[in-house]
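Asks: Following is a predicted model, sequence given first.
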Amino acid sequence: MYRLEAFKSGTYREQGDFKSFCPSCINQMWIWEDPELNYLLAEANKELGGLNTYSELIPDIDIYIRMHIQTEANKSNKIEGTNTSIEEDMMSREDVLPEKRDDHQEVNNYINAMNHGLKRIEDGFPLTSRLMREMHDILMQGVRGEHKTPGEFRKSQNFIGGNAPSNAIYVPPAVIDMPDLISDLDKFINIVDGMPELIKIAMIHYQFESIHPFLDGNGRIGRLIIPLYLLSKKELEKPCFYISDYFERNRMQYYDYLQNVRNKNDMIAWIKFFLNASIETAKSAKNKFKNAVKQADEYNQYLISKKASSDSLQRIITVMYSQPVANINRLSDLTELTVQAVNNTVKILCEDKILTELTGNKRNRVFALADYINVFR
């Protein structure tokens, strides 16, 4: 057994005019004595358990989870520099301003990669470097990183910050070191050793980001594997735990804690940061689901008050739980109402402030179920 208090992060290796960092292998049974870490672990497990219980009790939870994933995709990609709103992410590509279409594609690739991972885990496939490569291939399709070997680990040196390895903030391990590091990470992810899973996924995330195995997209894949790992280990009952919002709001701390593991061997401080993020994320998810149920009840009360035209109103509101941003033609397809019927119904919903028109156009208008979206924002 190895103590986290004595963690040795790795070594810097000379590579000509720069040094790369080679992290130590982590596939060990880790123990610790820090009482604050134990307290935070207990709190995080309690909040995660509460989220699991709540997610099992909510009718139609999968509808809300789709919206939760949409919000996660927006936040995770914002860390990488995209600047679309949640509403823009949910528009069809042709409804998005041309200058934002690349960002729109990146966010939707993230959702597709997440859904692929969720399906694989649901089918019993283990979380491994192979699945990471599959998700990376989806993530990079048709976007700015599409020529950076999608679905393959890098075969050249990368770096973070600066314009060359010699002035970079961080230089990950050399290509020659990667096979052993990836093998070690795979073993640590899948070994049954009795370690608390939240501690393990904190270390897995750190190790993945330190290896930085892809030429692009490492941050997004590193965040995607957090809920997938917890689902694969049955720590999560539903895919409803997404930590990117906390990382995005505390971005500089997030980077500093990761770098302090490498420079100061301070794994415990990183794990504490991760556990605090987990506690807040689980609480936030539960509150969002509570508020989503409350918002749905308010819509139901609205429909009761509109008896005369409630059928078409109900159809549109119901489909917009899954598609909260849509144009008239899309709503017609989803509800099987005529375009004229949808136009008439949308007019009522806008007058009653249930829907909000987003474009300001007289034609090709796009509508949002605004209060519902705001629950998850």
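Replies: Structure received.
Asks: Ramachandran angles for residue 14?
Replies: phi -70, psi 130 (degrees, to the nearest 10).
Asks: and it, how far is that from residue 336?
Replies: Applying C-beta to C-beta, to the nearest Å, the value for residue 14 to residue 336 is 67 Å. Backbone N, C-alpha and C define where each C-beta goes, glycine included.
Asks: domains of the chain?
Replies: 2-288, 306-376 (automatic domain parsing).
Asks: In JSON lines, list these along with mean pLDDT, mean neighbour count and distance to residue 300.
Replies: Formatted as JSON lines, the domains of the chain follow (pLDDT from 0 to 100; neighbours: other C-beta atoms under 10 Å; distance: least, C-beta to C-beta, whole Å):
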{"stretch": "domain 2-288", "mean pLDDT": "94", "mean neighbour count": "18", "distance to residue 300": "12"}
{"stretch": "domain 306-376", "mean pLDDT": "92", "mean neighbour count": "17", "distance to residue 300": "9"}
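Asks: who touches residue 237 in this structure?
Replies: Residue 237 is in contact with 52, 55, 56, counting by C-beta atoms under 8 Å, 6 or more residues apart in numbering.
Asks: Quick check: the first one touching residue 239?
Replies: Going back to what we said before, that points to residue 52. No. The pair residue 52 / residue 239 is not scored as a contact, 11.5 Å apart, by C-beta atoms under 8 Å.
Asks: Looking at the contacts of residue 237, which one is closest to residue 329?
Replies: residue 55 (33.8 Å; C-beta to C-beta).
Asks: elements contacting whichever strand or helix holds the closest one?
Replies: According to DSSP states H and E, residue 55 maps onto helix 35-57. Contact here means 3 or more C-beta pairs under 8 Å, 6 or more residues apart in numbering; DSSP states H and E; on that basis helix 35-57 packs against helix 197-211, helix 267-305.
Asks: Using CSV, write out the CA atom coordinates for that helix.
Replies: This file holds the C-alpha atoms of helix 35-57, laid out as CSV (Å, rounded to 0.1, in the frame of the first residue of the first chain):
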residue,chain,number,x,y,z
PRO,A,35,-9.1,13.6,8.4
GLU,A,36,-10.4,16.4,6.2
LEU,A,37,-10.1,14.2,3.1
ASN,A,38,-12.2,11.5,5.0
TYR,A,39,-14.8,14.2,6.0
LEU,A,40,-15.1,15.5,2.4
LEU,A,41,-15.3,11.9,1.0
ALA,A,42,-18.2,11.1,3.4
GLU,A,43,-20.0,14.3,2.4
ALA,A,44,-19.5,13.6,-1.3
ASN,A,45,-20.7,10.0,-1.0
LYS,A,46,-23.8,11.3,1.0
GLU,A,47,-24.7,13.9,-1.7
LEU,A,48,-24.1,11.4,-4.5
GLY,A,49,-26.3,8.9,-2.7
GLY,A,50,-29.0,11.6,-2.4
LEU,A,51,-28.8,12.4,-6.0
ASN,A,52,-29.1,8.7,-6.9
THR,A,53,-32.2,8.3,-4.7
TYR,A,54,-33.8,11.4,-6.2
SER,A,55,-33.1,10.4,-9.8
GLU,A,56,-34.8,7.1,-9.2
LEU,A,57,-38.0,8.8,-7.8
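Asks: next one: that helix to chain centre, how far?
Replies: In terms of C-alpha atoms, centre = their mean, to the nearest Å, the centre of helix 35-57 is set 19 Å apart from its chain centre.
Asks: Past it, which element shows up next along the chain?
Replies: Next element after helix 35-57 (DSSP H and E): helix 61-79.
Asks: that older thread, for residue 47, which of the helices and strands packed on helix 35-57 is the nearest?
Replies: Once these are compared by C-beta to C-beta, helix 267-305 is nearest, at 3.7 Å.
Asks: between the closest one and helix 35-57, how big is the angle?
Replies: If you take axes from the mean of the first three to the mean of the last three C-alpha atoms, to 10 degrees, helix 267-305 sits at 20 degrees to helix 35-57.
Asks: between helix 267-305 and helix 197-211, how many degrees?
Replies: 110 degrees.
Asks: closest one to residue 295 among the domains of the chain?
Replies: Among the domains of the chain, the nearest to residue 295 by C-beta to C-beta is domain 306-376 (5.5 Å).
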